[in-house]
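1. Turn this into a model:
(one chain, ligands or ions: 1)
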Amino acid sequence: MVSIDRVYLASSSPRRRELLHQIGVNFTVMHADVDESVGEGEAPLDYVCRLAQAKAEAVLARLQVEGLQSCPVLGADTSVVLGQQILGKPENEEHAVAMLMMLSGKTHQVITAVALAEEEQTRMVHSITDVSFREISEQEAHNYWLSGEPADKAGGYGIQGFGAILVERLSGSYSGVVGLPLYETANLLKQADVRLWKRSEKTA
Ligand SMILES: Cc1cn([C@H]2C[C@H](O)[C@@H](COP(=O)(O)OP(=O)(O)OP(=O)(O)O)O2)c(=O)[nH]c1=O
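-> Numbering: from 1, shown residues only. Coordinates of the predicted model:
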């Protein structure tokens, strides 16, 4: 028996909103302000899990402080990882071009961790996806930067946009690369008895 009809999404990412909407979850967005610096010697998977958990728990704490009704809170974090190096969002054009040149002609991993925080516990899942880029020229990387797409995305690209033409192959979770692995997220929500697949008005 599914009992929970609404969650909070601790995110300002429009991609995460679209993806959560795709699986018919009722949600309210609340931004989580979390320090995203990487700890010294911190492994990439530990880093994304820590941040996803911190985002979800920060919003859960805010609900309590503001006296709002407690609901499960979903938080996520996505990093692009080459070897053991974490590539975050580009700081400027030079940084974006440098990251794209590092990824050119190679296979990297995109790790997304998802946390669902409730008062009693925080549940976690993650996806790790191998993404292989074709060779990219420096000129192309500059032109791509000018499209405006790389600026707010881990690794400086968006697979769901113009960046699709850089990707030769992918093995893993497409939605995980975009920012929220839907298969894993649905499992997490089901464990917490959150309703998926909003009913259509016609069949309700
Ligand atoms: C690799 C890749 C990343 N991204 C995005 C997903 C995430 O929004 C972003 C990684 O940054 P995150 O820090 O995970 O998320 P965010 O700052 O955008 O949002 P919030 O912390 O408020 O939830 O990169 C794409 O949209 N497409 C891609 O192909």
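2. can you give me how far stretch 69-81 is from the chain middle?
-> Centroid displacement of stretch 69-81 relative to its chain, using C-alpha atoms, centre = their mean, to the nearest Å, is 8 Å.
3. buried sites along it?
-> By 16 or more other C-beta atoms under 10 Å, the buried positions in stretch 69-81 come out as 71, 72, 73, 74, 75, 76, 77, 78, 79, 80, 81. Using the backbone N, CA and C atoms, a C-beta is placed for each residue, glycine as well.
4. tell me which residues in the helix ranked longest in the chain are buried?
-> The longest helix of the chain (DSSP state H) is helix 44-65. For helix 44-65, the buried set under the neighbour-count rule, 16+ other C-beta under 10 Å, comprises 44, 47-60, 62-63.
5. ok, the residue positioned nearest the centre of the chain - contacts?
-> Ranked by distance to the mean C-alpha position of the chain (C-alpha atoms, centre = their mean), the top residue is residue 179 at 2.8 Å. Contacts were defined as C-beta atoms under 8 Å, 6 or more residues apart in numbering; by that measure residue 179 touches 13, 15, 16, 19, 76, 78, 112.
6. Keep those, but drop any that are not near the ligand.
-> Checked against the ligand using C-beta under 6 Å from any ligand atom, those give the following subset in range: 13, 15, 16, 76, 78.
7. Assumed residue 32 was part of a helix.
-> No: going by DSSP: H, G, I helix; E, B strand; the rest coil, the assignment for residue 32 is coil, not a helix.
8. That one: how many residues sit nearby?
-> Residue 32 is surrounded by 22 other residues when neighbours are defined as other C-beta atoms under 10 Å.
9. Name the SS class of residue 155, please.
-> helix.
10. Quick check: it vs residue 102, distance?
-> Per C-beta to C-beta, to the nearest Å, residue 155 is found 9 Å from residue 102.
11. shared neighbours, those two?
-> Overlap between the neighbourhoods of residue 155 and residue 102 consists of residue 87, taking contacts as C-beta under 8 Å, 6+ apart.
12. Between these two, which is the more surrounded one?
-> Looking at residue 155 and residue 102 with other C-beta under 10 Å, you find the greater number of neighbours at residue 155, namely 28 against 18.
13. returning to that earlier point: of the contacts of residue 179, which belong to helices?
-> 15, 16, 19.
14. Just to be sure, residue 129 is in a helix?
-> No: checked against three-state DSSP, residue 129 lies outside a helix; its state is strand.
15. Could I get the buried residues of stretch 69-81 in TSV, plus columns for distance to residue 169 and pLDDT?
-> What follows is those, written out as TSV (distance: C-beta to C-beta, whole Å; pLDDT from 0 to 100):
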residue	distance to residue 169	pLDDT
71	39	91
72	35	96
73	35	97
74	29	98
75	29	98
76	24	98
77	24	97
78	19	97
79	20	97
80	16	98
81	17	98
